[in-house]
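Visitor: Sequence plus the predicted model coming up.
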Amino acid sequence: MAQSNASGNIYGQVDSPAGATIVVHNKETGQKRSISPEANGRYQFTALPVGTYKVELVRDGKVVNTSEVQVNIGQGTDASFTATSIAKVQITGTRSRIDVSNTNSGATFSARELAKLPVTPTVASIIQLAPNTTRGDSRYGDSNAPSFGGSAASENAFYINGFPITNVLFQVGSSELPFGSIAQAQVLTGGFGAEFGRSTGGVVNISTKRGTNTWEVGGSMSWEPDSLRSTPKNIYYAKTGAPENAATDGKLYTYLAGDKIERKIGSLYVGGPLIKDTLFMYANVERTRRNIETVRVNADSAAASTTGWQENRERIGRALVKVDWNINDDHRLEATYIDDKPESDRKYYAFNYKDTPVNGLAPLAHGTTVNGGAHYESYGPTPIAARVGAEIKILNYTGNLSENVTLTAMLGSSRTDHVYTPLNYNPNVLQVTAPASAQVPGFNYVNSQQNTTGNILTPGANDKQEVKALNLQWKAGDHTIRVGMDKNDISSKAGTSRAGGGTWQYGKATDPNIAIGPGIRAPASNGGLGTQGYYVQRVKVSGVSTPSVEQAAQYIEDAWQVSKNILIKAGLRNEQFTNFNGDNQAYVSQRHQLAPRLGATWDMNGDNSMKVFGNLGRYHLQMPTNVAVRAAGASLFTREYFTYSGTEAGSAAPTGLVPLSGVTSTNNEFGQSKDPRTVAAQDMKALYQDELIAGFERAHSPDLNYGAKFTYRKLRSTIDDTCDQRPFDAWAARNGVDSSHYSFPCALFNPGRDNTFMIDFAGDGRLTKVHLTAAEMGFPKVKRTYTALDLFAEHPLRNGWYGKVNYTLSRNAGNTEGQTRSDSGQADVATTAVFDHPELSLYADGLLPNDRKHQLKAYGFYQVTPEINVGANFLLASGRPKNCIGNLPPSFDPATNPAVQYNSSFFFCDGKPAPRGSRGRMPTDNRLDMNFVYSPSYVKGLSLKVDVFNILNRQIAQNMTEEYNTDSATTVNALYGNVLSYTAPRTIKLTAEYNYRF
């Protein structure tokens, strides 16, 4: 992470450099910089804001040649003044688009290009334009958190103006900004230099718009009416053919044909000079409203009859304010403020899934009485799938200390507040559960004062991030040396608590004279109703925690111009990750994680028309704060037992309580944090990956660029949790240690490697060091290999049109997806069930969920006339691999094998091995989006646009239920093979936009 990633470079070659000066002039802000070429004629301007520049060759105080170039984010632009380059410009009228100063891989999109392409106004839609990217599992949210190069959805990094905006709680997705504020978006899919870290997937690098010397105002209004949206497909039970599923096979499972969805987006902006050439401002506000009416449960849910239908009113308020101060031509300050606040209000109604009327509701109809609901902010019914915003503040400094030395620095912070408030929720009234057999005749057991059940988000939940970064670049002859450091301090308040503070759980003992459990007296000992066996428990459950993470890194990189045409970049990055529990105790500390990077580029023809490049690097990934909530956080699960003499009329709370016990906890969960020494193996290695990239790019003619690239990625290490006690019992038996009172709770470790744990066998706080080899733990080495061949052809913007085609042939295989598990939609980062027991790894080696063998992406636009533009975006991709995940065969004895309790979680079906990815693929995904833009000449600045997404209405199945069995039974799951989601139906968006320049 480095602030310089928010800017770009201009470089070039000059014939006869003696006495020459190169001057760059930002045409929009008036900023100027000058530099003298080196003796060999080369020059380079670094840390330039993105935009259009005039480059001048000056001799004896006179401009003898000029060129106009576009500076792109994170890239270099050639502006050479040689006989060859000048002739080329005179002949073609344009510069080559090939950047021979970079070895990374990806794509960059400008605001102008995005405005002409039919893309939804989200960062996720931009990502999908780039090669080596695919949509993630639909259970990860509306944006389908993307996979880059076969990685998991949590392994990506997102930046705005150099500041990290990745969701720090889960690492899945990011906050966003008003879409119209994006000046350029760079999507890096590999080959990052040493300045980038904390990603084994991809990097999204966004530069925002800024004020210029021209005042501009404008706005837009978009509308996606439900009346122009095609009917979505319903989801049906699969046809399993199993006798036990005869009643459901092929029947309706999720009713979606009655959905109503309408979205409106309004945006206003203003930008211009507060002081010409010196102080600029840009501000943009965007408001999105989306009204959704749809079912919220499936046909097999008992809740359908009361809360099966929902009305969802979503509001997303986004704002950006940017102020740029050119202190002088060599020093610049940039201040950015971003606010992203997603909110949702939901109301729930009854819904009838039956074929006949029920309680006055016709089949597939919903009620009109509100039976529940909730208010959400940066949260959702499924936390991992929620839209998560943030309030972000960034201050960037760029200083050109001399012609050869540039300093950049950044200070920034972000805060996200998570809110979940159920409708009519009473935080002071405990829930009530009372089986009919436990009810005293004539007593009230209906709690009319608490309508919320289960657990809810802890009040005041939030995430905070403080970021500092410093980078120095020094040009020394043929070497450009960059050094930098950064520090991220992250903290969260997270977790859930039992709604209302707990539950009154009524019960009745079969024999009132027998103790209910250890330390709990017999109900009859208290007399009264206890003599009949009646009692009540007060259950309190809370998983609230305040974890934090410290992330730091230092790097050094040397870009060595070995010869006129060959550039080598060699770098080394050192990272440190420390995760703390809620008591500020470190439970994982990873130091000195060295990541070497080596890249090279060869300008074969010496004129930037053909580049051969390669890159070799290692990349590390941290764990988010949410890991501590599950693995190392404070846990409260207590019970108190009483007899009672009555119940309250409204709350059904017991009265006349007489204790049968003190506060008890089966697993010693009294709200204290777990001992940090026991929740993770000692000296774990972070998740890291090695990557090799080699390719070429060729500017064949003014009308054609093409190229090819080979990518190889191999996962070397990962972190997950294991819950298998057997290796510890075996170690204790070998070493004469009594483990009869020990229960292993789960711990983080490196699967497939030797691990050392600290174990409290006696439960007295005295820890024993237990070293287990990989063989003793029984897990295979982790495997995830991504191999890809990319081909592209591009028609640069010329003669009124632009187009690009990418084809990717790839294979993504192994025994782990990474930090998440899309097989079951599990996004418990670094704490999935994949390595809980060795049996879960049997036959798990195969094609992974993010494998797409073939992908064809094509997009472009054509200026039909000065007033009419047509754009298109096409995707054709192989479907996701299918699995059959069932129970272990009968040969695995439940009495001796604890893994059996995981039920339908193994790569076995009907008692036989079912290797990963061996059941074929989901259907081939294909989608065509198009748009039409009319900009009438008689109203300058006005544009009328129609976007049609999925114009052919190809609603393709994306994923399916892969669990083959129901619980521990051998019966076939009625849902096995049923579709979980389809691509969205055809949607039409109407937009009116007006821009005015003073």
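Guide: In hand now; what should we look at?

Visitor: how near is Asp583 to Pro676?
Guide: Applying CB to CB, to the nearest Å, the value for Asp583 to Pro676 is 8 Å. (C-beta placed from N, C-alpha, C; glycine too.)

Visitor: Gln439 now?
Guide: 45 Å.

Visitor: for Gly533, same thing?
Guide: 43 Å.

Visitor: now Ile35
Guide: Ile35 is 53 Å from Pro676, by CB to CB.

Visitor: With Gly61 instead?
Guide: According to CB to CB, Gly61 stands 68 Å off from Pro676.

Visitor: between the two, who's got more neighbours?
Guide: Higher neighbour count among Gly61 and Pro676: Pro676, with 20 against 6, using other CB atoms under 10 Å.

Visitor: Surely the more buried one touches Ser589?
Guide: No: at 9.8 Å, Pro676 does not count as touching Ser589 under the criterion of CB atoms under 8 Å.

Visitor: Overlap in contacts, these two.
Guide: With contacts defined as CB atoms under 8 Å, 6 or more residues apart in numbering, no residue is shared by Pro676 and Ser589.

Visitor: Beyond the host helix or strand of Trp731, next helix or strand please.
Guide: Using DSSP states H and E, Trp731 falls within helix 726-734. Proceeding N to C from helix 726-734, the next assigned helix or strand is strand 747-749, under DSSP H and E.

Visitor: Beyond that following strand, next helix or strand please.
Guide: strand 755-759.

Visitor: quick one: buried residues of the next helix or strand after that following strand?
Guide: Once strand 755-759 ends, the next helix or strand along the chain (criterion: DSSP H and E) is strand 768-772. Within strand 768-772, the residues that count as buried by 16 or more other CB atoms under 10 Å are 768, 770, 772.

Visitor: From Phe761, how far out is the first one?
Guide: This points to Thr768. Distance, Thr768 to Phe761, by CB to CB: 6 Å.

Visitor: Pull up the overlap in contacts between these two.
Guide: In contact with both Thr768 and Phe761: Val737, using CB under 8 Å, 6+ apart.

Visitor: what sits against the closest residue to Ile126 other than its chain neighbours?
Guide: Computed as CB to CB, 6 or more residues apart in numbering, the closest residue to Ile126 that is not its neighbour in sequence is Ala185, at 5.0 Å. Counting by CB under 8 Å, 6+ apart, Ala185 touches 73, 108-109, 114, 123, 126, 204-207.

Visitor: what do you get for Ser36?
Guide: 17, 20-22, 43, 403.

Visitor: For PyMOL, what selects the buried ones among the residues you listed?
Guide: Restricted to buried positions by 16+ other CB under 10 Å, the PyMOL selection for these reads:
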select buried, resi 17+20+21+22+43
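
Visitor: Looks like Ser414 contacts Ala390 (just checking).
Guide: Yes: look at Ser414 against Ala390 with CB under 8 Å: they come within range, at 4.5 Å.

Visitor: got any residues that touch both of the two?
Guide: What both Ser414 and Ala390 touch, as defined by CB under 8 Å, 6+ apart, is the set 165, 175, 463.

Visitor: can you pull the contacts of the second one?
Guide: This means Ser175. Neighbouring residues of Ser175 by CB under 8 Å, 6+ apart: 165, 167, 338, 340, 388-390, 392, 414, 416.

Visitor: The last one too?
Guide: Counting by CB under 8 Å, 6+ apart, Asp463 touches 167-169, 390, 414-416, 418, 490-494, 625.

Visitor: what about burial for those, which qualify?
Guide: Taking 16+ other CB under 10 Å as the criterion, what is buried in the contacts of Asp463 is 167-169, 390, 414, 416, 418, 490-494, 625.

Visitor: And the helices in the stretch 551-700 of the chain?
Guide: Assigned helices in the stretch 551-700 of the chain, in chain order: 626-631 (criterion: DSSP state H, counting those that start in this stretch).

Visitor: the strands in it, which residues?
Guide: Taking DSSP state E, counting those that start in this stretch as the test, the strands found in the stretch 551-700 of the chain are 566-580, 586-603, 610-621, 636-643, 646-647, 654-655, 658-659, 687-701.

Visitor: Make a markdown table from the ones you listed and add mean pLDDT to it.
Guide: As requested, those are arranged in a markdown table below (pLDDT from 0 to 100):
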| stretch | mean pLDDT |
| --- | --- |
| strand 566-580 | 97 |
| strand 586-603 | 96 |
| strand 610-621 | 97 |
| strand 636-643 | 94 |
| strand 646-647 | 97 |
| strand 654-655 | 98 |
| strand 658-659 | 97 |
| strand 687-701 | 97 |
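
Visitor: ranking those by burial, who's on top?
Guide: Most buried of the strands of the stretch 551-700 of the chain by mean neighbour count (mean count of other CB atoms under 10 Å) is strand 610-621; its value is a mean of 22.

Visitor: Name every strand pairing with that one and say which way it goes.
Guide: strand 586-603 (antiparallel), strand 687-701 (antiparallel) (DSSP bridges).

Visitor: Quickly run through the sheet partners of the helix or strand encompassing Val64, with directions.
Guide: According to DSSP H and E, Val64 maps onto strand 62-71. Strand pairing for strand 62-71, using DSSP bridges, gives strand 51-59 (antiparallel).

Visitor: which parts of the strand it pairs with are buried?
Guide: For strand 51-59, the neighbour count (16+ other CB under 10 Å) marks 51, 53-58 as buried.

Visitor: Quick one: distance of that strand to the chain centre.
Guide: 40 Å (CA atoms, centre = their mean, to the nearest Å).

Visitor: got it, and stretch 201-213?
Guide: 19 Å.

Visitor: how about it as PDB, C-alpha atoms only?
Guide: Taking C-alpha atoms only, stretch 201-213 is exported to PDB below (Å, rounded to 0.1, in the frame of the first residue of the first chain):
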ATOM      1  CA  GLY A 201      -6.200 -12.100  -5.200                       C
ATOM      2  CA  GLY A 202      -6.400  -8.800  -6.900                       C
ATOM      3  CA  VAL A 203      -6.200  -5.100  -6.300                       C
ATOM      4  CA  VAL A 204      -8.700  -2.400  -7.200                       C
ATOM      5  CA  ASN A 205      -7.100   1.000  -7.300                       C
ATOM      6  CA  ILE A 206      -9.400   4.000  -7.700                       C
ATOM      7  CA  SER A 207      -8.500   7.600  -8.400                       C
ATOM      8  CA  THR A 208     -11.200  10.200  -7.800                       C
ATOM      9  CA  LYS A 209     -12.100  13.200  -9.900                       C
ATOM     10  CA  ARG A 210     -10.700  16.600  -8.800                       C
ATOM     11  CA  GLY A 211     -11.400  20.200  -9.500                       C
ATOM     12  CA  THR A 212      -9.800  22.000 -12.400                       C
ATOM     13  CA  ASN A 213      -9.400  25.600 -13.600                       C
END
